[in-house]
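# Provided below for reference: sequence and predicted model.
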Amino acid sequence: MITRASARYVRVPPRKAREVADLVRGQAVSRALAIMDYCPKKAALVIKKVLQSALANAKAREKVDVERLYVSAVAVDEGPVLKRFIPRAMGRATPIRKRMSHITIELDERPEDKESAAVKKKKKEKKNSKTSHKDTKTQR
């Protein structure tokens, strides 16, 4: 079940917001939130808020397993542009464009098929057998 959240008219340039959005696209929600915690960019704060909003929307629905949620789509679209001017030498003026973004995040559940569950179980058993093997070596 797809869950969506968006923030509109955010005063972050779309080009800079897309750099941060590319970091979380396709990631699990918990991992995406951790990435946003340590990202030093201004857009990371906004994207984290939208991500938390989408997560809250998903929790409000009863049939969603929060552990299996991942970021299925992130869209950063251009919003309106504030046009300003800065004075320059010899009576000239240079335009400054203050860009805005519309950020939309979609969360979806990863499908849990029987093969992947079986593969995970085998890997877990294999890992446990390796650790028990190491324990026997240290005991000698």
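Structure's in. What do you need? These numbers were taken from a predicted model, which means no experiment stands behind them.

# Against Phe85, how distant is the nearest residue to Ala58 once chain neighbours are set aside?
The shortest distance from Ala58 to any non-neighbouring residue, by Cβ to Cβ, 6 or more residues apart in numbering, is to Thr3 (4.1 Å). Bear in mind the C-beta positions are built from the backbone N, C-alpha and C, glycine included. Computed as Cβ to Cβ, to the nearest Å, the Thr3 to Phe85 distance reads 42 Å.

# Have a look at those two and say which one is more surrounded.
Set Thr3 next to Phe85 and count neighbours by other Cβ atoms under 10 Å: Thr3 wins out with 21 against 10.

# residues contacting the more buried one?
Residues in contact with Thr3 (Cβ atoms under 8 Å, 6 or more residues apart in numbering) are 54-55, 57-58, 61, 64, 69, 106-108.

# ok, now with 7 Å
54, 57-58, 61, 107 (Cβ atoms under 7 Å, 6 or more residues apart in numbering).
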